[in-house]
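**Q** here is a sequence with its predicted model. Questions after.
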Amino acid sequence: MRSVDLEESSVRELNGELHRLTPETNETRWVIEHPHGKHAIACGLDAPVTVEVKGHVGYYCAGMNKHATIVIDGNAGVGVAENMISGEVRVKGDASQAAGATGVGGLLVIEGNASARCGISMKGIDIVVKGSIGPMSAFMAQAGTLVVFGDAGEALGDSIYEARLFVRGSVASLGADCIEKPLSDEDKVILLGVLERAGLSAGSDGGPDGFRLYGSARKLYHFHIDNVDAY
Amino acid sequence: MCGIVGLFLKNPGLYPKLGFHLAAMLGVMSDRGPDSAGFAVYGSSQADHVKLTLRAASAVEIREAVADLGKAGAGDLDSVFHDTHAVVSVPLAREQEVRLLIARDSRVTLAGVGARMELFKEVGLPEQVAKRFELSGMSGTHGIGHTRMATESAVTTRGAHPFSTGKDQCLVHNGSLSNHCGVRRFLSREGLTFETDNDSEVAAGFLTWRMQQGASLEQALTDSLADLDGFFTFVVGTESGFAVLRDPISCKPAVMAETDDYVAFGSEYRALAVLPNAGRARVFEPEPARVYAWELR
């Protein structure tokens, strides 16, 4: 195990070391001490290693992740796990705005709450939030799955494309072109698959049936001849 | 971009360290606003006296100006000098008279007035600004600070935050307001005066106006949601209060930490990490369009 103390090394030095790791590396477990809310910790990883960060992190932690597993034992600032390609990021506390933004793959698990714009422009990432999510989440979400055990804030899924949003609690309001959809067997399989990867069960409140599914009404992103005068 | 910080102490044992902690928080936020910095500290008060914070172009000039105010009729003023600023304690009965003398001296700007508030701002790297004013040595119950990256108006001392438009009232702002000209015109008609063309001063003026009409700080902030348009995170101080508000879209970052000893605000968690026991604090992000307010007991 490698231990790095950010009171002694800079984030740039840490990330430099992590970037030099090859897929065959034997240094597969890293522990980062004293992050003190610093930005861009463990960004751009491209090796199957596990990085555990002991404390609260600042902006863009675990950004652009590929293959790595990053566990944040604390809260995360703006844009945690943004633009993820693959791998897993787990936040044990709360996450700030734009968690999992623009991710094309991989899994983000937030054990606390996520604030505004969670999963904004997600493109295939799977996001599981055990608490609640803030307003304008899944804005322009294109693909992937967002699973929320708690509640969702205002304007969920505004201008959504083909992402699936599963919410067990209340939804303050739906954004433009986002509607509730019937929960099909195929949807339930997808939901249970994501939860299994996250190491969670669907809970006792009716299992997967306890969730409601939201998605696109598909009225906004297809050109509609009745709107021709608007152009 | 800008960085803002605020610290409200619950534990009187920490009062002597208010400035020390605020200075550390301000220093961390230098990255977010290297142009200029400012802060307000709510310190001790003296019965039937008011504190006037005066500012001049240099440390020499402020000393000369305060001496000249004395000769001009203000008498022997009880003054504490901090670099380009002086905090002058004046009996309430003589406040208007002394303020008239100050208004006549073109070298001096009245930066703030209050029973407890002292307000300092200057162009320069925040860490150095805090050092020049010896913030680390100041004590008090609460304080707010700002590191500025100017967007709306010029990099000048006058354009730095906090803005104070009423006794013991001040505000720091991260963001930009889009309807400040209209609100300024309205408030001017209501009798408020503004020192700058800065949007944030209008926000401070709006709160002052509402509180003049009897609103509490919390009510005044709630009203600002309807009347101020734009991006904002505000941290506001009054003689006994401390409050935080974010715009309904929460465009600008904000994070808070609360322990039994204090409530702290920072634009980023990094600014809170320097506080005692920050790792064990309840850390949360203020929700959009919700007023958070604390009062001294």
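**A** Arrived safely.
**Q** any idea how far the residue nearest to A:Asp5 when sequence neighbours are not counted is from chain B?
**A** What sits nearest to A:Asp5 in space, not counting adjacent residues and going by C-beta to C-beta, 6 or more residues apart in numbering or on different chains, is A:Glu33, at 4.5 Å. Bear in mind the C-beta positions are built from the backbone N, C-alpha and C, glycine included. Distance of A:Glu33 to chain B, given as C-beta to the nearest C-beta, to the nearest Å: 11 Å.
**Q** number of residues surrounding A:Glu33?
**A** By other C-beta atoms under 10 Å in any protein chain shown, 15 other residues sit near A:Glu33.
**Q** would you agree it is in contact with A:Met1?
**A** No: with contacts counted by C-beta atoms under 8 Å, A:Glu33 stays clear of A:Met1, the gap being 12.0 Å.
**Q** rewinding a little: quick one: pLDDT of the residue nearest to A:Asp5?
**A** Looking at A:Glu33, its pLDDT is 98.
**Q** residue ranges with poor pLDDT in the stretch 151-297 of chain B?
**A** Low-confidence segments of the stretch 151-297 of chain B (pLDDT under 70): B:152.
**Q** which positions in it make contact with chain A?
**A** B:249-250, B:253, B:255, B:268-273, B:279, B:283-285, B:287-288 (C-beta under 8 Å from any C-beta of the partner chain).
**Q** helices - which of those land there?
**A** Here DSSP state H is the test, and these give no hits in helices at all.
**Q** just the buried ones from these, in ChimeraX syntax?
**A** Here is the ChimeraX command that picks out the buried ones among these, judged by 16 or more other C-beta atoms under 10 Å in any protein chain shown:
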select /B:250,253,255,268,269,270,271,272,273,283,284,285,287,288
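**Q** can you pick out the most distant pair from the residues of the stretch 151-297 of chain B next to chain A?
**A** Within those, two members stand farthest from each other by C-beta to C-beta: B:Ile249 and B:Gly279, at 30.6 Å.
**Q** for the closest residue in space to A:Val171 that isn't next to it in sequence, phi and psi?
**A** Nearest residue to A:Val171 in three dimensions, chain neighbours excluded: A:Ala152, at 4.6 Å (C-beta to C-beta, 6+ apart). Dihedral angles of A:Ala152 (phi, psi; degrees, to the nearest 10) stand at phi -120, psi 140.
**Q** give me the distance between A:Ala152 and A:Cys61.
**A** As for A:Ala152, its distance to A:Cys61 is 23 Å (criterion: C-beta to C-beta, to the nearest Å).
**Q** longest helix of chain A?
**A** Criterion DSSP H: the longest helix present in chain A is helix A:185-197.
**Q** first-to-last residue distance for stretch B:243-256?
**A** Terminal residues of stretch B:243-256 lie 11 Å apart, using C-alpha to C-alpha, to the nearest Å.
**Q** and A:Ser201, how many neighbours?
**A** When neighbours are counted by other C-beta under 10 Å, A:Ser201 comes out with 11.
**Q** do you know the pLDDT at it?
**A** Reading off the model, A:Ser201 has pLDDT 87.
**Q** that one against A:Pro208, yeah?
**A** No: judged on C-beta under 8 Å, A:Ser201 makes no contact with A:Pro208 at a distance of 9.9 Å.
**Q** contacts for stretch A:177-191, please.
**A** With contact meaning C-beta atoms under 8 Å, 6 or more residues apart in numbering or on different chains, stretch A:177-191 is reached by A:138, A:145, A:147, A:156-160, A:164-166, A:174, A:202, A:208-209, A:211-221.
**Q** how about it: buried residues?
**A** Buried positions in stretch A:177-191, judged by neighbour count with 16+ other C-beta under 10 Å: A:Asp177, A:Cys178, A:Leu183, A:Asp187, A:Lys188, A:Ile190, A:Leu191.
**Q** coming back round to it: now do the shared contacts for A:Glu33 and A:Met1.
**A** Shared contacts of A:Glu33 and A:Met1 (C-beta under 8 Å, 6+ apart): none.
**Q** and stretch A:50-68, what's buried?
**A** Neighbour counts over stretch A:50-68 (16+ other C-beta under 10 Å) mark A:51-68 as buried.
**Q** which non-adjacent residue is nearest the residue of chain B found nearest chain A?
**A** Nearest residue of chain B to chain A: B:Tyr269, at 3.4 Å (C-beta to the nearest C-beta). In space, and not counting its chain neighbours, B:Tyr269 is closest to A:Gly37: 3.4 Å by C-beta to C-beta, 6+ apart.
**Q** wasn't that neighbour part of a helix?
**A** No: applying DSSP: H, G, I helix; E, B strand; the rest coil, one finds A:Gly37 to be coil, outside a helix.
**Q** in stretch A:213-221, what's buried?
**A** A:Leu213, A:Tyr214, A:Gly215, A:Ser216, A:Leu220.
**Q** straight-line length of that stretch, end to end?
**A** Using C-alpha to C-alpha, the span of stretch A:213-221 from its first residue to its last is 20 Å.
**Q** got a list of contacts for that stretch?
**A** A:156-157, A:159-167, A:171, A:174, A:176-183, A:187.
**Q** those in strands, which ones?
**A** Residues of the contacts of stretch A:213-221 located in strands (DSSP state E): A:Arg164, A:Leu165, A:Phe166, A:Val167, A:Cys178, A:Ile179, A:Glu180, A:Lys181.
**Q** helices of the stretch 51-200 of chain B, start to end?
**A** Along the stretch 51-200 of chain B, counting by DSSP state H, counting those that start in this stretch, helices occupy B:59-69, B:95-104, B:126-132, B:180-189, B:199-212.
**Q** what's the answer for chain A, then?
**A** Going by DSSP H, chain A shows helices at A:11-19, A:185-197.
**Q** those: which one's closest to B:Asp261?
**A** Smallest distance to B:Asp261 across the helices of chain A (C-beta to C-beta): 29.2 Å, for helix A:11-19.
**Q** buried sites along that closest one?
**A** Going by neighbour count (16+ other C-beta under 10 Å), the buried part of helix A:11-19 is A:Val11, A:Leu14, A:Asn15, A:Leu18.
**Q** tell me the mean pLDDT for it?
**A** What helix A:11-19 shows for mean pLDDT is 98.
**Q** that helix and chain B in contact?
**A** No: against chain B, helix A:11-19 shows no contacts by C-beta under 8 Å from any C-beta, the least distance being 11.4 Å.
**Q** on that earlier part again, quick one: the residue nearest to A:Val171 and A:Phe166 touch, right?
**A** No: A:Ala152 is not in contact with A:Phe166 according to C-beta under 8 Å; the separation is 10.2 Å.
**Q** look at those two and report which has more neighbours.
**A** Between A:Ala152 and A:Phe166, counted using other C-beta under 10 Å, A:Ala152 has the larger neighbour count: 30 against 25.
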